[in-house]
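> test case, fold it:
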Amino acid sequence: MDIAQRPDYRDRDLPLYLSAQLLARVAMLVESVSVGWQVYDLSRSPLALGIVGLVEFVPMFLLVLPAGEIADRFDQRRILALSRLTEAVASALLLGFVLTHRRSVWPLYGVILLIGAARGFSGPAGRSLLPFLVPPERLSKAIAWSSSVSQLAIVAGPAVGGFAYALGPAIAYGGCLVTFLVAAFGLTLLGGRRAGHDPSRLASRIARVREGIHFVRSRPIVLGAISLDLFAVLLGGAVALLPIYARDILHVGPTGLGLLRSAPAFGAAIVAIRLTRRPLERKVGATMFSAVAAFGVATIVFGLSKNFYLSLAALAVSGAADQVSVYIRAALVQFATPDAMRGRVSAVSTLFISASNELGGFESGVTAALFGTVPAVVLGGLGTLAVVAIWMRAFPPLRTVDRMEEVVPA
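Numbers count the residues shown, from 1 in each chain. Predicted coordinates:
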């Protein structure tokens with residue numbers, strides 16, 4: 001039976017969802033490259049770059065768990081569209097900052113705070129929506145396509161951001177404003193299946209949030225997968241320090257920064273496209289640990305490199321390895337989660353991912369300020385390898401899981 005003949009499912013919904021997510025993701029990354037370069041250009045401080053991650057993380061930390069409960073209670077499509085509109089407002093404020101020729105970084109931090117709040121809601125809504133747009137037998141391939149689109153955006157977004165910022169920051173921020181508006185409109189057109197009645201909706205919101213946290217804690221495979229990603233990227237991520245590498249170590253300017261930011265996604269996109277054709281079928285747990293270890297090794301190579309092309313290659317390898325880990329983690333979480341809890345579980349997952357990215361940026365900035373940029377990146381890669389060794393012993397069910405389909409909702 002064709003998907004269009006299935007109740008509640010339409011052929012157009014997955015491509016429409018992926019297109020909207022692609023546009024929003026590209027705009028996010030153009031904005032991220034532009035803000036990173038602008039903050040470092042104004043401050044010349046690695047700590048200032050680290051504060052960008054902290055300021056974005058704080059509202060996400062405060063809002064993401066309640067946002068997951070809201071995503072289970074209300075329509076994820078509307079929540080996601082409103083989040084994109086909020087990000088459009090933030091882009092308009094950044095455009096105003098540039099046009100008024102301000103030289104202080106503090107107004108930028110205020111806008112980043114708003115961006116973090118919007119992403120606190122968009123993360124749970126976006127991650128929990130996909131299983132409602134495709135039938136269960138197509139979910140694994142849909143996740144692979146979603147990962148591919150995400151990586152395509154991560155390849156294009158930073159490169160576009162670097163070139164756009166070189167032409168003028170007003171062009172970069174103006175493009176983001178338009179792109180977020182188009183993505184928000186596309187999300188309002190989505191159909192798909194709606195969540196059924198959940199008796200737990202009668203419980204208090206605090207009780208429902210606690211239920212989502214308890215579910216994650218009670219499933220070692222889910223907890224192990226998302227916490228492995230948290231600590232590996234928290235320690236091993238070098239993205240926040242790329243403006244320093246581009247300006248002071250590799251001397252390649254904002255265009256080179258865009259290419260450096262795109263390199264991990266280039267490697268990840270190759271792997272993601274491969275996974276859409278041949279999804280992983282066996283030994284997914286062991287494969288995940290191997291991928292995270294490869295990510296740590298590639299981070300060390302990048303940290304030590306003084307050659308632009310070797311740095312690009314190391315970042316591409318790190319992105320390819322990270323994509324394997326991201327794909328497995330996303331699939332395990334989706335297969336293990338019942339419909340009624342997708343928003344709350346996605347919120348916990350989003351919180352971990354946000355901590356690894358944004359809080360990891362703050363950790364990188366502080367470490368670089370204390371020990372220097374290169375030692376900070378190398379120590380982070382070594383820390384990732386240590387995390388792999390510890391998690392393999394702490395989460396045997398994750399290490400030994402063979403097929404994703406074996407992981408079912410409790």
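
> where along the stretch 151-300 of the chain do the helices fall?
In the stretch 151-300 of the chain, the helices defined using DSSP state H, counting those that start in this stretch lie at 169-187, 205-218, 220-236, 242-244, 253-277, 284-304.

> could you identify which of the ones you listed is most buried?
Stretch with highest mean neighbour count among the helices of the stretch 151-300 of the chain: helix 242-244 (a mean of 26; mean count of other CB atoms under 10 Å). In this view, the C-beta of every residue, glycine as well, is placed from N, C-alpha and C.

> which residues touch it?
Applying CB atoms under 8 Å, 6 or more residues apart in numbering, the external contacts of helix 242-244 come out as Gly36, Trp37, Val39, Tyr40, Pro46, Leu49, Leu257, Leu260, Arg261, Ala368, Thr373.

> okay, the closest residue to the fourth one other than its chain neighbours: pLDDT?
Just to be clear, that refers to Tyr40. Of all residues not flanking Tyr40 in the chain, Pro243 sits nearest, at 4.2 Å (CB to CB, 6 or more residues apart in numbering). Note on Pro243: pLDDT of 86.

> swap in Leu139?
Leu139 is given a pLDDT of 76.

> isn't it up against Leu133?
No - Leu139 is beyond contact range of Leu133, at 9.5 Å (criterion: CB atoms under 8 Å).

> so where is the chain shaky, pLDDT-wise?
1-9, 192-209, 212, 236-237, 343, 347, 350-351, 353-359, 404-410 (pLDDT under 70).

> returning to that earlier point: please tell me how far the residue nearest to Tyr40 sits from Leu235.
20 Å (CB to CB, to the nearest Å).

> thinking again about what came up before, so which of the helices of the stretch 151-300 of the chain is nearest Phe57?
For Phe57, the closest of those is helix 220-236, at 10.8 Å, according to CB to CB.

> for Ala265, which non-adjacent residue is spatially closest?
Ile154 (3.1 Å).

> from Phe132, how far out is that neighbour?
Plainly put, Ile154 is 25 Å away from Phe132 if you go by CB to CB.

> and for Ser147?
In terms of CB to CB, Ser147 sits 18 Å off from Phe132.

> Leu42 now?
Taking CB to CB, one finds Leu42 at 43 Å from Phe132.

> neighbour count: those two, which is higher?
Phe132 (21 against 14; other CB atoms under 10 Å).

> I figured the more buried one hits Gln76, correct?
Yes - applying CB under 8 Å, one finds Phe132 in contact with Gln76, separated by 7.4 Å.

> what helix or strand is Gly50 on?
Per DSSP states H and E: Gly50 is located in helix 46-73.

> now that helix: buried residues?
46, 48-61, 63-72 (16 or more other CB atoms under 10 Å).

> elements contacting it?
helix 13-43, helix 76-99, helix 106-129, helix 205-218, helix 242-244, helix 342-354, helix 360-371 (3 or more CB pairs under 8 Å, 6 or more residues apart in numbering; DSSP states H and E).

> tell me which of those helices lies nearest to Ala172.
It's helix 13-43; of the helices and strands packed on helix 46-73, that one is closest to Ala172 (CB to CB) at 4.4 Å.

> mind listing what's buried along that closest one?
13-14, 16-18, 20-40.

> repeat for stretch 121-128
Buried residues in stretch 121-128 (16+ other CB under 10 Å): Phe121, Ser122, Gly123, Pro124, Ala125, Gly126, Arg127, Ser128.

> OK, contacts around the last one?
When contacts are counted by CB under 8 Å, 6+ apart, Ser128 is found next to Gly68, Ala71, Asp72, Gln76, Arg342, Gly343, Val345, Ser346.

> how about 7 Å then?
Ala71, Gln76, Arg342, Gly343, Ser346 (CB atoms under 7 Å, 6 or more residues apart in numbering).

> one more: the first one?
With contact taken as CB under 7 Å, 6+ apart, Phe121 is in contact with Leu63, Ala67, Ile79, Ser83.

> and which of those residues is nearest Thr299?
Leu63 (29.8 Å).

> for Val378, what is the enclosing helix or strand?
Using DSSP H and E, the element containing Val378 is helix 373-394.

> using CSV, write down the CA coordinates of stretch 29-42.
The C-alpha trace of stretch 29-42 is given here as CSV (Å, rounded to 0.1, in the frame of the first residue of the first chain):
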residue,chain,number,x,y,z
LEU,A,29,24.8,27.8,10.9
VAL,A,30,25.2,30.9,8.9
GLU,A,31,24.2,32.8,12.0
SER,A,32,26.6,30.8,14.2
VAL,A,33,29.6,31.4,11.9
SER,A,34,28.8,35.1,11.7
VAL,A,35,28.3,35.6,15.4
GLY,A,36,31.4,33.6,16.2
TRP,A,37,33.6,35.7,13.9
GLN,A,38,32.0,38.9,15.0
VAL,A,39,32.5,38.2,18.8
TYR,A,40,36.1,37.3,18.3
ASP,A,41,36.7,40.2,16.0
LEU,A,42,35.4,42.6,18.6
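
> need the contact partners of that stretch.
48-49, 52, 91, 103, 105, 108, 112, 153-154, 157-158, 160-162, 164-165, 169, 172-173, 175-176, 243-244, 247, 254, 257-258, 261.

> make it 6 Å
The contact list for stretch 29-42 (CB atoms under 6 Å, 6 or more residues apart in numbering) reads 48-49, 52, 105, 157-158, 160-162, 165, 169, 172, 176, 243, 254, 258, 261.

> more neighbours, Leu139 and Leu133?
Leu133 (27 against 17).

> doesn't Arg12 make contact with that one?
No - Leu133 lies out of contact with Arg12 (CB atoms under 6 Å); the separation is 10.0 Å.

> what's the neighbour count on Thr100?
8.

> then Glu87?
Neighbour number of Glu87 under other CB under 10 Å is 27.

> wait, it touches Arg119, no?
No - Glu87 is beyond contact range of Arg119, at 7.7 Å (criterion: CB under 6 Å).
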